[in-house]
Structure formats: C-alpha cells, structure tokens
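**Q** Quick one, structure for this:
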Amino acid sequence: PDKEDAKTMENMKGHVIMKDVTFGYIKDKIVLKNINLYAKPGQKVAFVGSTGAGKTTVTNLLNRFYDISQGSITIDGVDIKDIKRDELRKNIAMVLQDTHLFTGTIMENIRYGRLDATDEEVIEAAKTANAHGFIERLEKGYDTVIEGDGANLSQGQRQLLNIARAALSKAPILVLDEATSSVDTRTEKQIEKGMDSLMKNRTTFVIAHRLSTVRNANVIMVLEQGEIIERGTHEELLELKGRYYELYTGMRELE
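**A** So this is what the prediction gives:
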C-alpha cells in the first residue's frame, strides 16, 4: 500500500536519478548491482546488453512494480516510494513489445492514453505517432472497431496505435521496450518517426534489441549481469572497442 502521506506530483518534469540501486526478485539472487544514472527532460537513455542482463528490470523498478533493496530512485528530487503509485504510473508512458488493444473503436483505444482527451486531441496524437494515414484509409476511419486484441490490424498498425496512446498521455517520462522487432523495414521507419516525435521534451528510456535505433541516444548504458559495464555515446563506445563495439560489429549476438 502507499504511505499515508504519499505525494501527488503536479507538473512532473521528469528528472530521474537512480543512485546505487541494487535489486533481486529473490532475496539471494541479485539482478541489478549498484546502478547509477541521471536523466533529464528531453534526454534519451538507452540500455543494451544480452538477454537477462537486467534491461527490463530497470524500467520495472522505475514504475514501482517492485521495490528496490538498496539505493534510491528519485523523480524531480522526490523518492518514488513517497509518490502515490497511480500518480507515478500516470506520469510514465510505456510502449512495449506486446501491444494490448481492447474491443472498441480506434478512437476509444487511443483515448485510453488519457480518458478526458477530445476527439481532436486523439487525432493529433495519431498524427504525432504516424498512425493517422493508415487509420484514414480504413473504411470507417477512427470509428473502425478493433476485434480481439487487434486481430484485424497488422502488428505494425497495432504498434502505431500504442505509440499514439503514449503521445496522448502527455506523460513526461517515456519507456520504450523497443517495439520494432516483429515488423518489416518500411513499417519500422514509420514507427521510428512516430517515436522520434514522441520523445521530444520527454525523458526517454529505451530498451534496445536492435542497436541501429540507439545511435542517437544521449547516453548508452551497456548492462552485463546486472551491472553497467560501459556508458557513453555511440561514438565514444565504439572508440572504447569493448562490449558495445563487439555487439555493434556483430562479434557478439544481441538477443
């Protein structure tokens, strides 16, 4: 349960600091060890590393799906343990690999990102996400009914709706668990354009499965067995000729 004096956060900016964060899902099995990072609004922080390195765990902790064992995570200087959970999650938009749509119109599905949004705002969010074009081409446009988790749409179209939902939310923090792994190159370009518009002025955390999408990150964190073993820009990390270089040049596999 939330603390009795848990705070609501008006106008959250998205300054995120993780300090000496250590965590394990099971007490004796540490998944993350001494994680330190700083991100401010408009910055893009990318996590790369092999499967099981702890990339998704970092974002699970930010959302407080789990509480950390040691260290602290603050947003705008407030410890996330002191923020109401629903308030915290309202300020973090997530675009995950698996999109979940419900039976209802496209308009209703996008509006799920912010329930009090007007039709105009929903359409604007779809334009930001690069989804407006395909929606307009559907027989009933925004009134098209989505069936069974989006079975009547392609994987790429479902993902663009997911991005539109995140755009509508106006959350200052964005988590992208890189969502382009199961789409063709043309759709991937559309999704990336949508994501680029979405990331402007937001603190963005990207969990990368393809290294091509993290080249323009402000900082790339290379995680291995729960520790940050390298950090820097794409160019800096290539110059290091370490683990990132091996992953980027294909000497090692990125899962």
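**Q** In stretch 117-124, which residues are buried?
**A** 117, 121, 122, 123, 124 (16 or more other Cβ atoms under 10 Å). For every residue, glycine as well, the C-beta is placed using N, CA and C.
**Q** Tell me which residues are up against the helix or strand of the chain with the lowest mean pLDDT.
**A** In the chain, the helix or strand scored least confidently by mean pLDDT, DSSP states H and E is helix 185-199, which has a mean of 78. Helix 185-199 is contacted by residues 44, 95, 128-131, 154-156, 159-160, 163-164, 166-167, 174, 176, 179-180, 183, 213 when judged by Cβ atoms under 8 Å, 6 or more residues apart in numbering.
**Q** Show me which pair in the buried residues of stretch 117-124 is furthest apart.
**A** 117 and 123 (9.9 Å; Cβ to Cβ).
**Q** Turn the buried residues of stretch 117-124 into JSON lines, including pLDDT, secondary structure and distance to residue 12.
**A** What follows is those, written out as JSON lines (pLDDT from 0 to 100; DSSP: H, G, I helix; E, B strand; the rest coil; distance: Cβ to Cβ, whole Å):
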{"residue": "117", "pLDDT": "96", "secondary structure": "coil", "distance to residue 12": "18"}
{"residue": "121", "pLDDT": "96", "secondary structure": "helix", "distance to residue 12": "19"}
{"residue": "122", "pLDDT": "97", "secondary structure": "helix", "distance to residue 12": "23"}
{"residue": "123", "pLDDT": "97", "secondary structure": "helix", "distance to residue 12": "26"}
{"residue": "124", "pLDDT": "94", "secondary structure": "helix", "distance to residue 12": "21"}
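**Q** Could you export these as CSV, including distance to residue 73?
**A** Below are these laid out as CSV (distance: Cβ to Cβ, whole Å):
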residue, distance to residue 73
117, 29
121, 31
122, 32
123, 35
124, 32
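**Q** What separation is there between residue 71 and residue 103?
**A** 42 Å (Cβ to Cβ, to the nearest Å).
**Q** how about stretch 28-44: buried residues?
**A** Within stretch 28-44, the residues scored as buried using 16+ other Cβ under 10 Å are 30, 31, 32, 33, 35, 37, 39, 41, 43, 44.
**Q** where does the fourth one fall, helix, sheet strand or coil?
**A** In other words, residue 33. What DSSP: H, G, I helix; E, B strand; the rest coil gives for residue 33 is strand.
**Q** Quick check, pLDDT for it.
**A** For residue 33, the model assigns a pLDDT of 93.
**Q** Now do the contacts for it.
**A** By Cβ under 8 Å, 6+ apart, the contact set of residue 33 is 22, 226, 227.
**Q** Scan the residues you listed and report the most crowded one.
**A** The most crowded member of the contacts of residue 33, judged by other Cβ atoms under 10 Å, is residue 226 (21 neighbours).
**Q** Now the phi/psi pair for that residue, please.
**A** phi 80, psi 0 (degrees, to the nearest 10).
**Q** Ok, the one 5 residues further on next?
**A** As for residue 231, its main-chain torsions (degrees, to the nearest 10) stand at phi -150, psi 140.
**Q** Quickly list what the nearest residue to it once chain neighbours are set aside is bridged to.
**A** Among residues not flanking residue 231 along the chain, residue 221 sits closest, at 5.2 Å (Cβ to Cβ, 6 or more residues apart in numbering). Listed beta-bridge partners, residue 221: residue 47, residue 231 (assigned using DSSP bridges).
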